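*Asks:* Dropping a prediction and its sequence here:
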Amino acid sequence: MKAVPIRLTRAARRYVITLPRSALAVLGVGALLAVPAGAATTSSARPTAQAAVAGSLGVQLRDVPVAEATDPLAQLYIIDHLHPGTVIHRLIEVSNTTTSRMPIVLYPAAATIDNGSFVGAGGHTPNNLSTWTSVSPGASDLRAGGHLTARVTIAVPRDASAGEQYAVVWAETRSTPPAGEGITEISRVGVRVYLSVGAGGPRPPTFTIQSLTARRARDGRPMVVATVRNTGGLALDMYGALQLTAGPGGSRAGPFPADLGSTLPIGDTEPIKIILNEQLPAGPWNAIVTLHSGLITNSARATITFPVAEAASPPYLALVGIAIALLVIASLIVATRRRRGATPGLPLEEVDGAASSGTWRQPVPPS
């Protein structure tokens, strides 16, 4: 990030840097959570800062602890390790880039990490961390093109249990339904909160890449799967890429971005999938995967060969098979009807010159 003038303030015995508005615009998908009414959210993209989107509600973090100033994740999320009984304050900024005045409410809610994705609960769903968190002001009528700075306070109880917890600070607006429709549209954007609680300092964040394997996706495309384990003391938001070298004929390929969806809780293990071009030769290749989370970077190498893709049957073969099956079924139906409507060895009785199905005359032997 480009060097900018900073202002230092004292908060909970921590110096914090106030980020100017030009340094961070509305957060990208990885840091910003936006959902319709009543829905939970997932977010798995690489955390980035992006320009504010015109005609929307936006939110951004405005300060960061000095000790975390070089960590890109700490510039997007509220991240801290606190002792029980500690109180901290952070600033967030809400922006209205629409052309209309917008009523907003600000409040904390629960969050979890589910299947490798950070999930912010819809509405005022509580957990421990959200009950320790407050936002001031809690509501505002934000003018068109306006900005509002709000103060987030986290007060950890003295009897809080050790461990990491997650929450989200929402900024929410509701539209007025048209007359006669009665449908209210709710939009939310939010900032993630990662908080670890315990005595002493936090365990440093770190991770290991346990394996690197070549596979085929369901559609036959080659795929590299890196199995990653969080061995540190904080949840990790990961991103990275794969590079292939020394392939057939000395060829090279990549870099290929990782298909993440991977926010790794402490002690968790997740597969990180990297989908490649279907025209890529099977190999062998020298594979190098490099993954990041904040300031941490780890790499792994392996010699890989992609398995042979299963040959897909031509479409016309499937149609022929269906036609044969229909003919067999039709034949069985006809045969069944004939067996039910006739007794072997007995002729049909003639009724007015026509064969009458189901009417039979048993020949009587001469006396």
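*Replies:* Nice, I can see it. Numbering: from 1, shown residues only.
*Asks:* Only C-alpha atoms from now on, for both contacts and neighbour counts.
*Replies:* OK.
*Asks:* Give me the contacts around stretch 296-311.
*Replies:* 205-209, 212-216, 220-223, 282-292 (C-alpha atoms under 8 Å, 6 or more residues apart in numbering).
*Asks:* now these: which count as buried?
*Replies:* 205-209, 212-216, 221-223, 282-283, 285-292 (16 or more other C-alpha atoms under 10 Å).
*Asks:* a strand runs through Arg218, doesn't it?
*Replies:* No - Arg218: not assigned to a strand; according to DSSP: H, G, I helix; E, B strand; the rest coil it is coil.
*Asks:* Do you know the pLDDT at it?
*Replies:* Here, the pLDDT recorded for Arg218 equals 88.
*Asks:* now do Pro265
*Replies:* 88.
*Asks:* Against Tyr166, how distant is it?
*Replies:* Distance of Pro265 to Tyr166, computed by C-alpha to C-alpha, to the nearest Å: 10 Å.
*Asks:* what do these two both touch?
*Replies:* With C-alpha under 8 Å, 6+ apart, Pro265 and Tyr166 have no common neighbours.
*Asks:* re the thing from before, what about the contacts of stretch 296-311, which are in strands?
*Replies:* Mapping the contacts of stretch 296-311 onto strands (DSSP state E) picks out 207-209, 212-216, 222-223, 285-292.
*Asks:* Report the residue spans of the chain with pLDDT below the cut-off.
*Replies:* Where the chain drops to pLDDT under 70, the residues are 1-54, 179-180, 259-262, 311-321, 334-367.
*Asks:* Outline the domain layout of it.
*Replies:* 8-176+185-197, 207-304 (automatic domain parsing).
*Asks:* is it possible to export those to TSV including distance to Ala323?
*Replies:* Converted to TSV, the domains of the chain look like this (distance: least, C-alpha to C-alpha, whole Å):
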stretch	distance to Ala323
domain 8-176+185-197	43
domain 207-304	26
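*Asks:* closest to Ile333 out of those?
*Replies:* domain 207-304 (38.2 Å; C-alpha to C-alpha).
*Asks:* Count the neighbours of Ser175 for me.
*Replies:* Residues near Ser175, counting by other C-alpha atoms under 10 Å, number 12.
*Asks:* quick one: it and Gly146, what's the gap?
*Replies:* Distance from Ser175 to Gly146, by C-alpha to C-alpha: 18 Å.
*Asks:* Repeat that for Ala258.
*Replies:* 37 Å.
*Asks:* which of those two has more neighbours?
*Replies:* Ala258 (25 against 16).
*Asks:* In contact with the closest residue to that one other than its chain neighbours, which residues are there?
*Replies:* The shortest distance from Ala258 to any non-neighbouring residue, by C-alpha to C-alpha, 6 or more residues apart in numbering, is to Ile274 (4.7 Å). Ile274 makes contact with Met223, Val224, Val225, Ala241, Leu242, Phe256, Pro257, Ala258, Asp259 under the criterion C-alpha under 8 Å, 6+ apart.
*Asks:* mind putting the residues you listed in JSON lines, distance to Ser331 and secondary structure included?
*Replies:* Shown next, in JSON lines, are these (distance: C-alpha to C-alpha, whole Å; DSSP: H, G, I helix; E, B strand; the rest coil):
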{"residue": "Met223", "distance to Ser331": "47", "secondary structure": "strand"}
{"residue": "Val224", "distance to Ser331": "50", "secondary structure": "strand"}
{"residue": "Val225", "distance to Ser331": "50", "secondary structure": "strand"}
{"residue": "Ala241", "distance to Ser331": "58", "secondary structure": "strand"}
{"residue": "Leu242", "distance to Ser331": "57", "secondary structure": "strand"}
{"residue": "Phe256", "distance to Ser331": "55", "secondary structure": "strand"}
{"residue": "Pro257", "distance to Ser331": "55", "secondary structure": "strand"}
{"residue": "Ala258", "distance to Ser331": "54", "secondary structure": "coil"}
{"residue": "Asp259", "distance to Ser331": "51", "secondary structure": "strand"}
